[in-house]
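Chemist: following is a predicted model, sequence given first.
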Amino acid sequence: MNAYTCRYCRQPSDPSQATCPLCGAPVDITSVVSESGWVEQPPIRDMARIQFGQSHVQITGTRVPTAEFTLSPREWIYFSHHVLLWTEPRTGLANMRLKGTWNRMMAGMPLIMMQAQGPGNLALSDNHAGEVVALPLHQGQSMWVREHRFLCATGNVGYDWDYTGVWYETRNGDDKETHYPMGMYGDTFTARDQHGLLLLHSPGNTFIRDLRPGETLLTQPSSLLYRDMSVRVNLHFEYPRNLGFAFWSNRWSYRNIWIRLTGPGRVAIQSVYTPPEECEMISNHSYATRRNW
Amino acid sequence: MTCGAPLDVRAKVSDSGWREAPKLRDMTEFRFSMSTCQVEGDLVPVAEINLSPQDGVYFEHHVMLWKDDSVPLSSMRTAGGMKRTLGGMPHIVTVANGPGRVAFSHNAPGELVVLPLHPGMELDLREHAFLLATHSIQYSFVRIKGLANVLHGGSGMFMDRFVTAQQPGLLMVHGNGDVLERTLRPGEKIMVEPGGFLYKDSTVHMQAVQLPVKAGLMRRLYMAEMTGPGRVGIQSMYVHHHAGE
């Protein structure tokens, strides 16, 4: 029985390698943990290989890393067509239809996934400076991922997507607008009958943390990268105390819109995010907590 | 002429044969002709040129970061006139002559690729990707032929072409993200996302081809088919040519 468990992918791994063969994380480094408990996900080293089944993926580059797959016969991966950087002509490409076409189109999510079947080589990359994050999933394990962060998954990982349920409405006169600060939909990936591999692209740097049962954390909605299914999410509004300098302005101009993450479970955030707009008064919202300072 | 690549590191070649462009170390300095170039920074690198009196470089004016007050600038008219303007390419490129210092940078995270060109070489480059070239290199453009190539090729209507005649020259390119290069054998093919194409030898044939898979409700997927012999360079960050979907 292998006693070594990779501290990043949480899977039994091989400490004799320079990098974890399952997630590509360097083995021979000291964990970098901030005082508040965030663990910095070390970038996958240039040219590191990650094994899955009889195939492997090699991560090349450091600024906008490329995931270069060598697929063996009968093994396949799926991805959104816009991340395909190059492919050999012999690699079998086909479409993978998804449910809920209309809803996905309205939410700006890719309508059609592509699948690539071996034998053959191909490479995928996303369009932001950042890191590739590899998440090996053991049989039956599920992971929630923020929309548009998915790079690819092996064929034995099931893909589903669902409404996030995190929203608020703003009103300006008769105009009403609904905002989804962490996206309208989120992706859920599940390793069904055997373990699988999920690759994400994380703009900027990536930090992970384990929340204890009941432990809560406030974070920017668009910074959430992935979370265990056991972690609960809701909105949180925070209004700073008006010290008199803003008497001419609306109080909501200074508010903070957070998501509150409640453990137990693992969460990961990315350092590049877009703060929610803060221009109008919130007239309605999904379940939220509130703090007036 | 040198290119500034570190000599004490192994070439990084992936399993399928793509070689990473050598990462130029911060403050690397190398010579070309009687001038020098120093590369500064890592995330969005700057090329700082110290021009000798007999040397000059040309560039698109928006990539010039700073210059000595004394460095004279002039304009170099390019062939093609209205066709270039219609294709969204600069009608005029700017020339800086020595003596003096002038620095250049592009506006995206990426890396500088230094391509020394020997006499008699021809290199095609994605439009707007070139940072600077020395005055000994002839600059022209090639029109990308075929409606499918123009509409689906992702490289616009034109490619820059750099040709050296009797003199060697130095070409500097900015690639977004990481830059990878592969040398194709005669007849060898590789399919590249059109937005990821960065440069190629003129011997490499590029053709937009439709793949039998959908990229949307009403659209098929197009890739740029590169056929050897010659070098192909790609960048890992790009504006996807169907990003407007």
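Modeler: Received, thanks.
Chemist: could you dump the lowest-mean-pLDDT helix or strand in chain A to CSV, C-alpha only?
Modeler: Scoring the helices and strands of chain A by mean pLDDT, DSSP states H and E places helix A:101-106 at the bottom, with a mean of 71. Extracted as CSV, the C-alpha positions of helix A:101-106 are listed here (Å, rounded to 0.1, in the frame of the first residue of the first chain):
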residue,chain,number,x,y,z
THR,A,101,-28.9,24.1,-25.8
TRP,A,102,-31.1,27.1,-25.4
ASN,A,103,-30.1,27.7,-21.8
ARG,A,104,-26.4,27.3,-22.5
MET,A,105,-26.6,29.7,-25.4
MET,A,106,-28.4,32.3,-23.2
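Chemist: any buried residues in it, and which?
Modeler: A:Arg104 (16 or more other CB atoms under 10 Å in any protein chain shown). To be clear about C-beta, it is placed using only N, CA and C from the backbone, and glycine gets the same treatment.
Chemist: near chain A, which residues of chain B show up?
Modeler: Residues of chain B lying near chain A by CB under 8 Å from any CB of the partner chain: B:12, B:14-16, B:18, B:20, B:43, B:109-111, B:176-178, B:180, B:189-193, B:196, B:211-217, B:221, B:223, B:225, B:234, B:236-240, B:242-243.
Chemist: what about the longest strand in chain B?
Modeler: Looking across chain B with DSSP state E, the single longest strand is strand B:205-214.
Chemist: that one pairs with which strands?
Modeler: strand B:220-227 (antiparallel) (DSSP bridges).
Chemist: helix or strand right after the partner strand?
Modeler: strand B:230-235 (DSSP states H and E).
Chemist: most remote residue from chain B's center?
Modeler: B:Leu217 (33.9 Å; CA atoms, centre = their mean).
Chemist: how far away is the nearest residue to it once chain neighbours are set aside from B:Met223?
Modeler: Counting by CB to CB, 6 or more residues apart in numbering or on different chains, B:Leu217 lies nearest to A:Leu111, which is 6.2 Å off, once chain neighbours are set aside. From A:Leu111 across to B:Met223, the span is 19 Å (CB to CB, to the nearest Å).
Chemist: what helices and strands are in contact with the next helix or strand along the chain from the least confident helix or strand of chain A?
Modeler: Using DSSP H and E, the next helix or strand after helix A:101-106 towards the C-terminus is strand A:112-117. Contacts defined by 3 or more CB pairs under 8 Å, 6 or more residues apart in numbering or on different chains; DSSP states H and E place strand A:112-117 against strand A:66-71, strand A:76-80, strand A:92-97.
Chemist: most neighbours per residue, which of those strands?
Modeler: strand A:66-71 (a mean of 26; mean count of other CB atoms under 10 Å in any protein chain shown).
Chemist: and the residue farthest from the centre of chain B, how far from B:His205?
Modeler: Taking CB to CB, one finds B:Leu217 at 32 Å from B:His205.
Chemist: give me the neighbour count for the closest residue to B:Glu40 other than its chain neighbours.
Modeler: Nearest residue to B:Glu40, sequence neighbours excluded (CB to CB, 6+ apart): B:Val46, at 4.6 Å. Here the count is done by other CB atoms under 10 Å in any protein chain shown, and B:Val46 has 16 residues near it.
Chemist: do A:Thr19 as well
Modeler: 23.
Chemist: would you confirm that it contacts A:Pro26?
Modeler: Yes - applying CB atoms under 8 Å, one finds A:Thr19 in contact with A:Pro26, separated by 5.5 Å.
Chemist: give me the common contacts of these two.
Modeler: By the contact definition CB atoms under 8 Å, 6 or more residues apart in numbering or on different chains, A:Thr19 and A:Pro26 are jointly contacted by A:Arg45.
Chemist: give me the pLDDT for the residue nearest to A:Pro221 when sequence neighbours are not counted.
Modeler: The shortest distance from A:Pro221 to any non-neighbouring residue, by CB to CB, 6+ apart, is to A:Pro181 (3.5 Å). The per-residue pLDDT reported for A:Pro181 equals 93.
Chemist: B:Asp160 sits in which helix or strand?
Modeler: strand B:158-164.
Chemist: number of nearby residues for the nearest residue to B:Val163 once chain neighbours are set aside?
Modeler: Once flanking residues are discounted, B:Val163 sits nearest to B:Gln138: 4.5 Å by CB to CB, 6+ apart. Taking other CB under 10 Å as the criterion, the count of residues near B:Gln138 is 14.
Chemist: assign a three-state SS to B:Gln138, would you?
Modeler: strand (DSSP: H, G, I helix; E, B strand; the rest coil).
Chemist: correct me, but it touches B:Gln167?
Modeler: No - assessed by CB under 8 Å, B:Gln138 is found out of contact with B:Gln167, at 9.9 Å.
Chemist: low pLDDT regions in the chain?
Modeler: Answering for chain A, as no chain was given. A:1-2, A:106-107, A:242-254, A:278-279 (pLDDT under 70).
Chemist: oops, chain B please
Modeler: Residues of chain B that meet the cut-off, pLDDT under 70, sit at B:1, B:80-91, B:145-157, B:239-245.
Chemist: show me the helices in it, by range?
Modeler: Ranges of helices in chain B, per DSSP state H, are B:82-86, B:147-152.
Chemist: follow-up on the earlier one: now the common contact residues for B:Gln138 and B:Gln167.
Modeler: With CB under 8 Å, 6+ apart, B:Gln138 and B:Gln167 have no common neighbours.
Chemist: circling back to that earlier point, the residue nearest to B:Leu217: how many residues sit nearby?
Modeler: Neighbours of A:Leu111 (other CB under 10 Å): 19.
Chemist: that one reaches A:Met105, doesn't it?
Modeler: Yes - A:Leu111 is in contact with A:Met105 according to CB under 8 Å; the separation is 5.8 Å.
Chemist: find residues that contact each of the two.
Modeler: B:Leu217.
Chemist: show me what counts as buried in stretch A:171-185.
Modeler: So, applying 16+ other CB under 10 Å, buried residues of stretch A:171-185: A:179-185.
Chemist: with stretch B:27-45 instead?
Modeler: For stretch B:27-45, by 16+ other CB under 10 Å, it's B:28, B:30, B:32-33, B:35-40, B:44-45.
Chemist: so which pair among these is furthest apart in space?
Modeler: Across the buried residues of stretch B:27-45, no pair lies farther apart than B:Ser33 and B:Val44, at 26.2 Å, counting by CB to CB.
Chemist: what does the stretch 1-150 of chain A have sitting close to chain B?
Modeler: A:46-47, A:49, A:56, A:58, A:60-66, A:68, A:70, A:81-82, A:84-89, A:93-95, A:101, A:105, A:111-112, A:114, A:121, A:123, A:125, A:127-129.
Chemist: buried only: go through the residues you listed for me.
Modeler: A:46-47, A:49, A:56, A:58, A:60-66, A:68, A:70, A:81-82, A:84-88, A:93, A:95, A:111-112, A:114, A:121, A:123, A:125, A:127-129.
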